[in-house]
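*Asks:* Build me a model from this:
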Amino acid sequence: MNWLQKISQIEGIKLTDECTGHSHGQTDCLIKAYLGKRLIGFLSYAVFEGNSHIQDVEVHKDFQRMGIATRMYQKLKAESEGEIIHTMQTPEGAAWQTSLAAYNKRTLPRKGQIEVWRLI
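*Replies:* Residues are numbered from 1 along each chain as shown. This is a model prediction of the structure:
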């Protein structure tokens, strides 16, 4: 499948958001990206004191650089009441964070960084 065929599938991506647990005032949540029944990405975050703390972002290598992580971030941003705070960072995460700054047309708050792992 070539890149144009893959990008045309992006329209069919479904995002889900679920809370997976509560502990000491923190709620752990997970946004998942599906193409059909196939899990192609996720963004895990914790809500603490009204702020959303991004913990991990992962997109399958065949679907990276197609806006999947950005769509999950947009969903989190739309549902969050407080700030969105990032934690660690890898080179892949730096590229995504840079693209988000362009998306937001401003620099994101730097209270941390973001870590990106890859689905196999």
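*Asks:* need the helix or strand of the protein with the lowest average pLDDT.
*Replies:* strand 116-117 (a mean of 41; mean pLDDT, DSSP states H and E).
*Asks:* which residues of the protein fall in helices?
*Replies:* Taking DSSP state H, the helices of the chain run over residues 3-9, 68-79, 91-104.
*Asks:* so who does the residue lying closest to D17 once chain neighbours are set aside touch?
*Replies:* Nearest non-adjacent residue to D17, counting by C-beta to C-beta, 6 or more residues apart in numbering: I31, 4.9 Å away. C-beta: built from backbone N, CA, C; applies to glycine. Residues near I31 by C-beta atoms under 8 Å, 6 or more residues apart in numbering: 15-17, 42-45, 72, 75-76.
*Asks:* Closest one of these to Q26?
*Replies:* Y45 (10.3 Å; C-beta to C-beta).
*Asks:* follow-up on the earlier one: pairing partners for the residue nearest to D17 in the sheet, please.
*Replies:* Applying DSSP bridges to I31 gives these bridge partners: D17, L43.
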